[in-house]
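**Student:** here is the input, now give the coordinates:
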Amino acid sequence: MKLTITADSPDAPYEQLRGQVAAQARAGILPAGHRLPTVRGLADELGLAPNTVAKAYRALEADGVIETRGRNGTFVAATGDGPAREAAHAADEFARRARRLGIDRADALAAADEALRAAYRD
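**Tutor:** Next up, the predicted model:
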């Protein structure tokens with residue numbers, strides 16, 4: 001696993017770490033079942049605070065990219081579709097909430113499109 005954290009990046013160190021691990025898992029560089037270093041071990045290796053690595057691991061776990069197996073460690077999740085599954089779940093929740101609020105389909109789509117545009121601005 002090759003990870004690089006750059007101090008002059010506009011992204012916070014935990015976000016750099018999260019993004020690199022997620023990208024390597026999606027690309028198969030980190031295969032399903034690959035054991036990740038401990039929080040402390042990776043923090044020492046990268047020169048980061050353990051809380052920074054723990055924050056990245058929590059975000060990756062929430063995204064379905066990695067899974068923690070208690071004392072056995074942290075591993076790349078068995079399913080490579082974790083992010084897609086999470087996005088589908090979020091879209092489903094959005095659709096249900098929009099309907100409960102009485103928002104019609106066209107307005108809900110417009111709201112989702114605007115949120116995506118804002119999220120993907122560089």
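
**Student:** C-alpha only now, for contacts and for neighbours.
**Tutor:** Noted.

**Student:** tell me the domain boundaries of this structure?
**Tutor:** Under the assignment automatic domain parsing, the domains of the chain span 13-76, 82-119.

**Student:** deepest in the core, which of these is it.
**Tutor:** domain 13-76 (a mean of 17; mean count of other Cα atoms under 10 Å).

**Student:** would you mind measuring the gap between the ends of that one?
**Tutor:** 20 Å (Cα to Cα, to the nearest Å).

**Student:** distance between it and the chain's centre?
**Tutor:** Centroid separation for domain 13-76 versus its chain: 10 Å, with Cα atoms, centre = their mean, to the nearest Å.

**Student:** quick revisit: confidence-wise, which of the domains of the chain is weakest overall?
**Tutor:** Of all these, the segment with the smallest mean pLDDT is domain 82-119, scoring a mean of 86.

**Student:** how about the helices in this structure?
**Tutor:** 13-27, 39-46, 50-62, 82-100, 105-119 (DSSP state H).

**Student:** quick one on the thing from earlier: which of the domains of the chain sits closest to residue 6?
**Tutor:** Each of those has some distance to residue 6 by Cα to Cα; the shortest is domain 13-76, at 7.6 Å.

**Student:** re earlier: in JSON lines, list the helices of the chain along with distance to residue 6.
**Tutor:** Shown next, in JSON lines, are those (distance: least, Cα to Cα, whole Å):
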{"stretch": "helix 13-27", "distance to residue 6": "8"}
{"stretch": "helix 39-46", "distance to residue 6": "10"}
{"stretch": "helix 50-62", "distance to residue 6": "14"}
{"stretch": "helix 82-100", "distance to residue 6": "25"}
{"stretch": "helix 105-119", "distance to residue 6": "23"}
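
**Student:** out of these, which is closest to residue 72?
**Tutor:** Comparing these by Cα to Cα, helix 39-46 comes nearest, at 13.0 Å.

**Student:** and the closest one with helix 13-27, angle?
**Tutor:** Interaxial angle of helix 39-46 relative to helix 13-27 (axes from the mean of the first three to the mean of the last three Cα atoms, to 10 degrees): 100 degrees.
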